[in-house]
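# Need coordinates for the below:
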Amino acid sequence: MTRRLTLTLLAFIISAPSAVAMGKRPEKNSLSFHLQGDQSDGPKMVFPLPMGNKKRFFRKSPVTFNKEIVSLKHFITEDGTYGATFSFNKTAAGRIAAITTSNQGKWLVAMLNGRPVDAVFIDEPVGDGKLVIWRGIKQVEIIRFEYAMPITGETTKQWKERIKGHEKQRKTAQKEAQEAQTERNRRRNN
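Residues are numbered from 1 along each chain as shown. From the prediction side, this is the model:
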């Protein structure tokens, strides 16, 4: 387990600068959670998703929005993808508590960048303002999240320092790439 964690951290350290080395910040992720609805709600209100051998319908109107996420804590899953616990602000936490209290026995699906990544069955109210995606998040999406928000337990100052470090690595990598290209061009011309 320790070796796997070390290899994962090493892969992240190596890939994080390269993800932003092309001179741009990483794109932002779009994450939303959608509550199960009914087919009778109509195609303007719900969308179908196959789940096992059944087709379930989920409301197009999300329960949460990106801007309400205050932090995340990610982990590696057995299938090699990532999972994460997302902490939401007080307003969203209250809405999540109310929705999960009144909709026990239904499903909640996580949509990340337009694709369903995971669904959870609501068997009890969620009172702590945290929702979990258990699997299906790609490494590049984790990098984007870590760029956009603090890791749970990290202060805003620590997060900004971490981002500054990424920016320095990005600028250094960009400068090195430009120098290498200039050298290749010089050699071709000689």
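# so what's Ala93 up against?
For Ala93, the contacting residues are Asp128, Gly129, by Cβ atoms under 8 Å, 6 or more residues apart in numbering. For every residue, glycine as well, the C-beta is placed using N, CA and C.
# avg pLDDT for whichever helix or strand Val70 is part of?
Val70 belongs to strand 69-76 when elements are defined using DSSP states H and E. Taken as a whole, strand 69-76 carries a mean pLDDT of 96.
# Pull it out as CSV, backbone CA atoms only.
Output in CSV follows, covering the C-alpha atoms of strand 69-76 (Å, rounded to 0.1, in the frame of the first residue of the first chain):
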residue,chain,number,x,y,z
ILE,A,69,-17.6,23.0,-3.4
VAL,A,70,-15.1,24.3,-0.8
SER,A,71,-12.6,21.4,-0.8
LEU,A,72,-11.9,17.9,-1.8
LYS,A,73,-10.0,14.8,-0.6
HIS,A,74,-9.2,12.3,-3.2
PHE,A,75,-8.2,8.6,-3.1
ILE,A,76,-7.2,5.9,-5.6
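# and the residue nearest to Glu68 when sequence neighbours are not counted, what helix or strand is that in?
Closest residue to Glu68 apart from its sequence neighbours, by Cβ to Cβ, 6 or more residues apart in numbering: Ala92 at 3.8 Å. Assigned by DSSP H and E, Ala92 belongs to helix 90-102.
# which is the next helix or strand following that helix?
By DSSP H and E, the next helix or strand past helix 90-102 is strand 107-112.
# From the contact counts, what lies against that next one?
If contacts are counted by 3 or more Cβ pairs under 8 Å, 6 or more residues apart in numbering; DSSP states H and E, strand 107-112 sits against strand 31-35, strand 54-59, strand 115-121, strand 130-137.
# got the angle for the last one vs helix 90-102?
Translated: strand 130-137. With axes from the mean of the first three to the mean of the last three Cα atoms, to 10 degrees defining the directions, strand 130-137 sits at 90 degrees from helix 90-102.
# which residues are in contact with the strand holding Val70?
So strand 69-76 is contacted by 4-5, 8, 31, 82-89, 137, 142, 145-146, 149-154 (Cβ under 8 Å, 6+ apart).
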